[in-house]
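Enquirer: Provide a 3D model corresponding to the input given below.
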Amino acid sequence: MLLESIMGNKQDTNADESNSTSNQKNGYKLNNINTKHTKKPKASPPKDAVTIEELIDDSKENKIEDSQLLTEAPTIRVVPPLNFCPVEKNLYRSGQPSALNHSFLEQLHLKSIIWLAIEDPQDNFLKFIDDNHINLFCNLGYDSVESNSWDGLSESSIKQALEIIADRRYHPLLVCCGMGRHRTGTVIGCLRKLQGWNFASVSEEYRRFTGPKGGRILVELLIEAFDVSTIRIDKKYAPDWLLR
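Expert: Okay, the predicted model is just below:
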């Protein structure tokens, strides 16, 4: 029995050696099966790179005090009017503001509003104008609709509007009409022409506010034909952006 045990162990040993030799011939190394992969060394960041650690340190240094954080949602809704857009410094354009837009307009500290529509402004808009002591310019030299090919907006009304715009004593100033598209676009287009813009740029700006239906050819013809030399500008009160 002892002899058989010894012989059996020897046979097992020979079998292991034989398997090891066979694996080595086939290119396998048993002692490497459980070996961990060697990690590649980390690449150093570029010379001028900002590391995450540096960003974290900066955020700690510039940490906002808890007392400066908003703990409640704002209670006032600030919503701009339809087609609202700054034109130049202290000069804006839009459609007729609704009551929802009044808190936004208060942030502009308007001194004057030019109303270009034939119809009167809505009562809530008139009340806002009165409550905030804003100068309202309306009915600017309109011809009758029958005698004018486009909504009664004449060269005379455009001229009056531009001369008000050209006086910074009326600024900050809002130019508006019912939708802020065609009448407002006509006056702003003539203003751009007064500033020396080429007609392609004037037309592109006008069409930007006209919506999916596009611009009106009569508006563009009126802008193109408008004679800016008739506008009287007092350089003493003209805004800087008009004197460039």
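
Enquirer: tell me how far Ser203 lies from Arg192.
Expert: Separation of Ser203 from Arg192 (C-beta to C-beta, to the nearest Å): 10 Å. In this view, the C-beta of every residue, glycine as well, is placed from N, C-alpha and C.

Enquirer: how about Val175, what does it touch?
Expert: 87, 91-94, 113-114, 116, 161, 165, 184, 187-188 (C-beta atoms under 8 Å, 6 or more residues apart in numbering).

Enquirer: no, scratch that, I was asking about Ile223
Expert: Ile223 neighbours (C-beta under 8 Å, 6+ apart): Thr186, Gly189, Cys190, Lys193, Phe199, Val202, Ser203, Tyr206.

Enquirer: helix, strand or coil for it?
Expert: With DSSP: H, G, I helix; E, B strand; the rest coil as the basis, the three-state label of Ile223 is helix.

Enquirer: distance-wise, check it relative to Gly214.
Expert: According to C-beta to C-beta, Ile223 stands 15 Å off from Gly214.

Enquirer: before we move on, what about Asp240?
Expert: Applying C-beta to C-beta, the value for Asp240 to Gly214 is 34 Å.

Enquirer: try Gln195
Expert: For Gln195, the distance to Gly214 equals 24 Å [C-beta to C-beta].

Enquirer: who has more neighbours, those two?
Expert: Gln195 (13 against 8; other C-beta atoms under 10 Å).

Enquirer: what sits against that one?
Expert: Here Gln195 is in contact with Trp241, Leu242, Arg244 (criterion: C-beta under 8 Å, 6+ apart).

Enquirer: now do 7 Å
Expert: Leu242 (C-beta atoms under 7 Å, 6 or more residues apart in numbering).

Enquirer: pLDDT wise, what is it at?
Expert: Predicted confidence (pLDDT) at Gln195: the value is 96.

Enquirer: then Val78?
Expert: For Val78, the model assigns a pLDDT of 87.

Enquirer: equivalent analysis for Glu106, please.
Expert: At Glu106, the model reports a pLDDT of 96.

Enquirer: state the distance from it to Asp131.
Expert: Glu106 is 10 Å from Asp131, where distance means C-beta to C-beta.

Enquirer: residues in contact with the host helix or strand of Leu162?
Expert: Using DSSP states H and E, Leu162 falls within helix 155-165. Applying C-beta under 7 Å, 6+ apart, the contact partners of helix 155-165 are 91, 114, 116, 137, 140-142, 170, 173, 186-187, 190-191, 194, 226, 230-232.

Enquirer: quick one: the strands in this protein?
Expert: Remark: strands assigned in the chain by DSSP state E are 85-88, 91-95, 112-115, 135-137, 173-177.

Enquirer: so what strands line up beside the fourth one?
Expert: Note on strand 135-137: by DSSP bridges, its sheet partners are strand 112-115 (parallel).
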